[in-house]
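> my questions are about this predicted structure, shown below with the sequence.
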Amino acid sequence: MKPLMNVLTFCMTVLTLPLQLIEALGLYRWYKGFFALLMSRISASYNKAMNDRKRNLFSNMTDFKRPGDGPLIVLEIGCGTGTNFKYYPSGCKVICTDPNHHFQKYLERSMGENGHLSFERFVVSSGEDMGSIEDESVDVVVATLVLCTVKNIPRTLQEAHRMLKPGGAFYFLEHVVAEPSSWTYFCQHVLQPMWYYFGDGCELTRATWTDLEAAGFSDLKLRHIEAPLTFLIKPHIIGYAVK
C-alpha cells in the first residue's frame, strides 16, 4: 500500500505546481481574507460537533489561577473567529493572537457575543514568534486546530511555555495523523499536497503528540479520540500540559 500511496502523493504534488508557483510569487495572500470567511462558517459546525468535548476540556481552567494575581489571563494562539470564547470562565481576561489579520472583524463579533469575558488585545503574530507577550505573564495558553498549521511546532510550544506563569497550563485540541495501517492514513498522505493550500497551510499528517511529549512540560494530560467529523480529520488529540 505504501508504494501506491507514494505514487499518488507525487501525482497530487505535481497537480499543485500552479499553487506552489502562486505561493512562491507571494500571490497567495489574497486567499487569507477568503479563508477567514470560510472558517467563520466551518468553525460554527465544528463547535457543534465538538461542543461537549470542548466544554469538558476547558472546565478546569480556573484551577490555574494563582491566588492574589487578579483575573485569570488566557492567551489564545491562532484564535481565528473566537469560537472558543464561550467556553472560557466568566471574568477572565483574553489576549487573542493570529497571523491572519482578516480574522479581526470576526473576532470583534465574537467579543460582542461573549460579555462574560474581558478582552485585552488582538496581536497579529505567528505562533513561533510572540515576542510582544512578556515572559511568565499568562495563566493559560490555548491552541485548538493550530498546531496543524504552524511552521514549527517545537518553537510554538517553547513560546507557550515561555509565556506561561509557573504552574500555568497549555490547552490543546488538534487533529492528527491516523494509524499507519488505516485507509485514513493513506488518504491523508495522498490528499495532503492539495489540502495544504485550501487549508491555508494545514497539515493532515502530523504526529503532534510527539512534540507535546518532548516539550518539557512538568505534566501532560493527553488523550487520543475519534472526533465525529469527516474521516480525514477524525483522529484527534485533546488535553492540557502544565508548566
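Everything's here; your move. Numbering: from 1, shown residues only.

> mind showing which ranges of this protein have poor pLDDT?
Across the chain, no stretch falls below the confidence threshold (pLDDT under 70).

> ok, the residue nearest the centre of the chain - contacts?
In the chain, the C-alpha closest to the average C-alpha coordinate belongs to Val146, at a distance of 1.8 Å (CA atoms, centre = their mean). Taking CB atoms under 8 Å, 6 or more residues apart in numbering as the definition of contact, the neighbours of Val146 are 77-78, 127, 156, 174. Quick note: C-beta positions are derived from backbone N, CA and C, even for glycine.

> go again with 10 Å.
If a contact means CB atoms under 10 Å, 6 or more residues apart in numbering, then Val146 has 76-80, 97-98, 127, 153, 156, 172-174, 202 as its contacts.

> strands of this protein, start to end?
In the chain, strands defined by DSSP state E lie at 73-77, 93-98, 118-124, 138-144, 164-175, 219-226, 235-242, listed in chain order.

> hmm, back to that, any chance of a markdown table for the contacts of Val146, columns distance to Arg162?
A markdown table is the format used below for the contacts of Val146 (distance: CB to CB, whole Å):
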| residue | distance to Arg162 |
| --- | --- |
| Glu76 | 16 |
| Ile77 | 12 |
| Gly78 | 17 |
| Cys79 | 19 |
| Gly80 | 22 |
| Thr97 | 14 |
| Asp98 | 19 |
| Gly127 | 12 |
| Ile153 | 15 |
| Thr156 | 11 |
| Phe172 | 16 |
| Leu173 | 21 |
| Glu174 | 20 |
| Cys202 | 25 |
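
> by neighbours, which of those residues wins?
For the contacts of Val146, the largest neighbour count, defined by other CB atoms under 10 Å, is 29 neighbours, found at Ile77.

> now that residue: how far from Phe172?
In this view, Ile77 and Phe172 are 10 Å apart by CB to CB, to the nearest Å.

> which residues do those two both contact?
Where contact means CB under 10 Å, 6+ apart, the residues bridging Ile77 and Phe172 through contact with each are 141-144, 146-147, 160.

> who wins for neighbours among these?
Those, ranked by neighbours (other CB under 10 Å): first place Val141, 31 neighbours.

> what sits against that residue?
Under the contact definition (CB under 10 Å, 6+ apart), the residues listed for Val141 are 73-77, 95, 97, 127, 130, 133, 156-157, 159-164, 168-172, 240-241, 243.

> so what's it bridging to?
Note on Val141: beta-bridge partners by DSSP bridges are Leu75, Phe170.

> I am finished for the moment; much appreciated.
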